[in-house]
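[1] Following is a predicted model, sequence given first.
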Amino acid sequence: MASSVLNGAENLKLMSSIRPTGFGLVRSNFQERCFPRKGLVSFGWNYKARTSTPRCSISSSRPSSQPRFIQHKQEAFWFYRFLSIVYDHVINPGHWTEDMRDDALEPADLYDRNMTVVDVGGGTGFTTLGIIKHVDAKNVTILDQSPHQLAKARQKEPLKECKIIEGDAEELPFPTDYADRYVSAGSIEYWPDPQRGIREAYRVLKIGGKACVIGPVYPTFWLSRFFADVWMLFPKEEEYIEWFEKAGFKDIKLKRIGPKWYRGVRRHGLIMGCSVTGVKPFSGDSPLQLGPKVENVKKPVNPFVFLLRFLLGAMASTYYILVPIYMWIKDKIVPKGVPI
Ligand SMILES: C[S@@+](CC[C@H](N)C(=O)[O-])C[C@H]1O[C@@H](n2cnc3c(N)ncnc32)[C@H](O)[C@@H]1O
């Protein structure tokens with residue numbers, strides 16, 4: 001299925017790696033630092049598309065932590081207070097379909113029903129429904145910071161045996177060396193400090209355990225990039241790999257994903273664009289040392305700034321609801337094989 005997604009990606013020349021010197025901060029001189037890295041990216045069965053041509057990112061100075069609307073835990077909380085009501089009906093059909101989900105979970109290698117799995121940012125349990133096809137529900141924990149999203153998950157009969165808990169992806173309430181698999185789908189774009197979340201993924205896994213982080217990709221189309229930047233973090237593929245490497249993961253792989261009918265995931269970023277996996281090579285904590293959290297969720301917010309951010313965020317989310325509809329229509333009109 002990935003091939004149909006990739007046909008439209010003018011940007012298939014992947015994948016170079018960026019090596020920022022500050023955590024999550026892509027420095028302006030990073031272009032000099034790009035280098036080809038083979039073997040990290042899988043394109044489903046369209047391996048012919050693979051190339052190791054160096055390609056540096058579009059926005060070299062874009063920091064991974066900045067005050068985008070919703071990349072703030074309080075704002076994400078309030079956003080999901082309302083979105084949870086319609087989440088399964090609005091988000092999944094356009095951005096996160098069942099076949100995408102199953103495709104994205106395949107590298108997680110869920111081969112044993114007795115595996116202990118944590119689904120971080122599990123929300124209404126849509127991804128968990130994919131996980132429990134392979135693992136017994138009683139071995140799966142859904143964690144999310146939104147009680148409203150979790151309330152929806154609790155209503156789902158197949159998830160009745162899962163453990164469902166509130167928590168923060170950047171400070172997981174699990175012991176070190178706890179789980180066989182860490183899965184997080186469509187949540188990293190909200191985390192104020194994604195590197196910290198990936199470091200936590202490493203910590204909670206057992207030796208040999210695998211993390212699978214599914215998320216959006218940075219768009220190549222200018223308007224999508226603009227809305228992505230004001231709204232939430234659409235990481236570059238290089239950034240995902242960088243975070244995994246820094247956290248200590250080995251055997252890191254990135255698989256591109258997208259809806260069957262959607263030929264422009266990389267153009268618009270979409271809500272889900274790749275599935276990144278890595279294996280924990282040693283037991284214990286991550287070798288990466290981070291200082292205290294920078295984000296202070298209790299800090300009072302200027303109401304005018306909040307209003308502006310809210311308006312921009314609302315515009316961006318409207319744009320990203322319309323993009324899949326537009327791309328779906330385009331897919332019907334533009335002849336197959338022609339990039340869109
Ligand atoms: C787009 S939804 C994805 C839900 C689910 N994984 C799925 O596949 O449908 C993103 C979820 O991440 C959660 N989230 C955002 N920031 C979080 C954080 N710091 N810790 C835990 N969950 C978080 C949100 O509450 C929301 O439920």
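    Structure received.

[2] From here on, just use CA atoms for contacts and neighbour counts.
    Noted.

[3] Hmm, residue 188 is touching residue 201, no?
    No: between residue 188 and residue 201 there is no contact under CA atoms under 8 Å: 11.6 Å.

[4] any idea where the strands of this structure begin and end?
    Assigned strands in the chain, in chain order: 16-17, 35-36, 41-42, 117-120, 140-144, 163-166, 179-185, 205-215, 250-256, 274-279 (criterion: DSSP state E).

[5] partners of the fifth one, with directions?
    Here the strand partners of strand 140-144, with direction, are listed using DSSP bridges: strand 117-120 (parallel), strand 163-166 (parallel).

[6] and among these, the most buried is which?
    Between the strands paired with strand 140-144, strand 117-120 has the highest mean count of neighbours, a mean of 28, where neighbours are mean count of other CA atoms under 10 Å.

[7] residue ranges with poor pLDDT in the stretch 1-150 of the chain?
    1-72, 74-75, 79, 83, 91, 94 (pLDDT under 70).

[8] And for residue 181, the neighbour number?
    Other residues lying near residue 181 total 24 when counted by other CA atoms under 10 Å.

[9] got a list of what it touches?
    108, 110, 115-118, 205, 209-212 (CA atoms under 8 Å, 6 or more residues apart in numbering).

[10] Across the sheet, point out what pairs with it.
    residue 117, residue 210.

[11] what about stretch 239-248, distance to the chain center?
    13 Å (CA atoms, centre = their mean, to the nearest Å).

[12] same question, stretch 223-233
    On CA atoms, centre = their mean, the centre of stretch 223-233 falls 15 Å from that of its chain.

[13] Give me the buried positions along it.
    224-225, 227-233 (16 or more other CA atoms under 10 Å).

[14] Reformat the residues you listed as JSON lines; add distance to the ligand.
    Output for the buried residues of stretch 223-233, formatted as JSON lines (distance: CA to the nearest ligand atom, whole Å):
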{"residue": "224", "distance to the ligand": "18"}
{"residue": "225", "distance to the ligand": "18"}
{"residue": "227", "distance to the ligand": "16"}
{"residue": "228", "distance to the ligand": "14"}
{"residue": "229", "distance to the ligand": "17"}
{"residue": "230", "distance to the ligand": "16"}
{"residue": "231", "distance to the ligand": "13"}
{"residue": "232", "distance to the ligand": "11"}
{"residue": "233", "distance to the ligand": "11"}
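
[15] so how far is the ligand from residue 283?
    Per CA to the nearest ligand atom, to the nearest Å, residue 283 is found 24 Å from the ligand.

[16] Which among the strands paired with strand 140-144 is found nearest to the ligand?
    strand 117-120 (6.2 Å; CA to the nearest ligand atom).

[17] Alright, I will stop here.
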